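*Asks:* need a 3D model of the following:
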Amino acid sequence: MYCIRIMCLSGWVGKASRNCDSRYDSNVEEFLKRLYLSTSMATSEIKAFPAQAPRVRDPKRSAGGMLERLPSFNQLPSWLPRAALERFVKAFEASGFRGGVNYYRCLNRNWEKTKAAFEKSGRKIKQPTFFIAGELDMVIRTYGGTEAAESMVSKVCSDLKGCHFIPDCGHWNTQEKPQETSTALIRFLDQTAASEPKGARSRL
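*Replies:* Next comes the predicted model:
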């Protein structure tokens with residue numbers, strides 16, 4: 001079994017308010033545009049876009065939800081063509097955001113359900129692990145940058161094969177830099193497979 005970590009949505013999506021999913025549902029395209037671009041706005045492509053500043057800067061929850069705290073853009077980056085965005089919009093208009101947001105609402109509950117297994121393993125992930133993220137991912141930057149991220153991962157992964165931070169790449173590395181992401185991932189899988197004891201796969 002392999003444990004592969006690629007950065008995904010950050011937890012604050014679900015923390016804005018109790019009714020945040022219905023607010024996102026009310027303007028799906030605008031929310032997706034703001035979410036996609038704001039989490040990669042340090043990259044060279046998006047930095048060149050004119051942006052409208054967030055309407056809410058007050059850190060108090062009562063001041064406004066997540067949508068009002070994100071900058072807005074009138075352009076789309078090369079890695080998010082209009083046809084792709086429209087497909088995502090259509091899917092979320094049909095399903096709503098509640099299912100996705102509920103993942104973050106259940107973070108504490110999920111931890112309680114998995115805590116015993118984590119403690120039994122010595123608070124370590126023992127599977128071969130490789131961490132892939134954009135160097136300019138807003139989440140990485142929020143948690144102190146690439147060195148801090150690598151330090152956090154190394155503390156819980158006892159068989160860490162490495163961390164790969166893709167240059168000039170934000171939160172959505174599989175879309176922004178698909179070739180670089182795939183190359184790093186395949187290299188990890190090949191190296192891990194080559195180091196397995198003979199016959200290990202047949203026992204899985």
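*Asks:* isn't residue 132 up against residue 181?
*Replies:* Yes. Counting by C-beta atoms under 8 Å, residue 181 is a contact partner of residue 132 at 6.0 Å. Where C-beta positions appear, they are placed from N, C-alpha and C, glycine not excepted.
*Asks:* okay, helices next: where are they in this structure?
*Replies:* 20-25, 28-38, 44-47, 66-69, 82-95, 98-105, 107-120, 138-142, 146-156, 173-176, 178-195 (DSSP state H).
*Asks:* where in this structure is pLDDT low?
*Replies:* Low-confidence regions of the chain, defined here as pLDDT under 70, cover residues 1-18, 197-204.
*Asks:* can you rerun that using 90?
*Replies:* 1-24, 54-69, 100-101, 103-105, 107, 194-204 (pLDDT under 90).
*Asks:* tell me the spacing between residue 56 and residue 184.
*Replies:* As for residue 56, its distance to residue 184 is 37 Å (criterion: C-beta to C-beta, to the nearest Å).
*Asks:* more neighbours: which of these two?
*Replies:* The neighbour comparison of residue 56 against residue 184 (other C-beta atoms under 10 Å) goes to residue 184, with 21 against 14.
*Asks:* nearest to residue 165, of the helices of the chain?
*Replies:* Of all the helices of the chain, helix 146-156 sits nearest to residue 165, with 4.7 Å by C-beta to C-beta.
*Asks:* quick check: angle from that closest one to helix 107-120?
*Replies:* 50 degrees (axes from the mean of the first three to the mean of the last three C-alpha atoms, to 10 degrees).
*Asks:* helix 146-156: which residues count as buried?
*Replies:* Using 16 or more other C-beta atoms under 10 Å as the test for burial, helix 146-156 gives 146, 149, 150, 153.
*Asks:* can you name the two of these that sit furthest apart?
*Replies:* The widest separation within the buried residues of helix 146-156 (C-beta to C-beta) is 10.6 Å, between 146 and 153.
*Asks:* sweet, I'm off.
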